[in-house]
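In: return atomic coordinates for the entry below.
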Amino acid sequence: MKKASVFLCGLALAASASIPALADTITFSFDKPSASSVNQFSGSGTLTVEEQSTGVYLVTGIAGTIAEGSKVGSGSTVAIASLIAPGLQNGNDNLIYDPADKGKFFTQQGLAFTLADGSIIDLYKGDAKLYENAAHGSSQFSEGLKLTASADIPSTPSVPTAAAPEPNSLMLVGTGILGLAGLVRRKVRS
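Out: Below is the predicted model:
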C-alpha cells in the first residue's frame, strides 16, 4: 500500500514539473525627447514574447514607461498599462522581428499598447504614434521610430524551462492522488 502511494505521488510530481514555459523577454527602447523637439516622446521596457517561427515573435506581455515631451500629454513619465489584442488598433499584429533574420523590427501593422493615462501607442515600421486620451484633447503625435532592442532576442529557440504549476492545479492533483490511494487501500483490505 505504501509503495503504491509513494509511486502515485512521484508520478504526479513528475507530470506537474514537465509543463514547459516557452516565453522569452526582449528589452526595448526608442527615441529620447530632446530640447529641440518638445513634441517628442520615448519609451523603454520589456516585452514578453513567444517565438512563432525563426526570427518572428508574438508579443504576449509588455511593461515599461513612456516619457512625454512638454507639449505631449502631461509632459511626464507614464507607465505602460497593457497590450492591445491583435487586430484592435489599426490592424496591429503584435509581432516583433529579429532584424538579423528579417531586416526590421515591425511591419506596418506593428505593436499597440495602452498607457496608464488611457492613451494608446502604436510602434510600427519606421514610426511611433501616440494617440492621447480625451483629457489631453485626443491629440496625435508621431515621430520616426528608432527602436533598439537588446541582444537577448534569441537567435535559436530557447530551451523550455519548467513552469511552476498554479496552486489550484496542485490541489486538484493532490486530491486525485488521495482518492486513488483510498481506492487502492479499500481494494487491498477487501
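In: let me see the ranges of the strands in the protein.
Out: Per DSSP state E, the chain carries strands over the ranges 20-21, 23-30, 41-53, 56-68, 77-83, 95-97, 111-115, 120-124, 127-131, 140-144, 147-149, 161-162.
In: pick the most deeply packed of the ones you listed.
Out: Of all the strands of the chain, strand 111-115 carries the top mean neighbour count, a mean of 24, counting by mean count of other Cβ atoms under 10 Å. The C-beta positions use only the backbone N, C-alpha and C, and glycine is treated the same way.
In: now that strand: mean pLDDT?
Out: On average, the pLDDT along strand 111-115 is 95.
In: can you put the strands of the chain in CSV and add distance to residue 169?
Out: Shown next, in CSV, are those (distance: least, Cβ to Cβ, whole Å):
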stretch, distance to residue 169
strand 20-21, 14
strand 23-30, 18
strand 41-53, 21
strand 56-68, 20
strand 77-83, 25
strand 95-97, 30
strand 111-115, 30
strand 120-124, 35
strand 127-131, 40
strand 140-144, 45
strand 147-149, 34
strand 161-162, 14
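In: out of the ones you listed, flag the one nearest residue 187.
Out: Smallest distance to residue 187 across those (Cβ to Cβ): 33.7 Å, for strand 161-162.
In: mean confidence for that closest one?
Out: Strand 161-162 comes out at a mean pLDDT of 51.
In: of all the strands of the chain, which lies closest to residue 103?
Out: strand 95-97 (7.9 Å).
In: in its sheet, which strands sit next to that closest one, and in what direction?
Out: strand 56-68 (antiparallel) (DSSP bridges).
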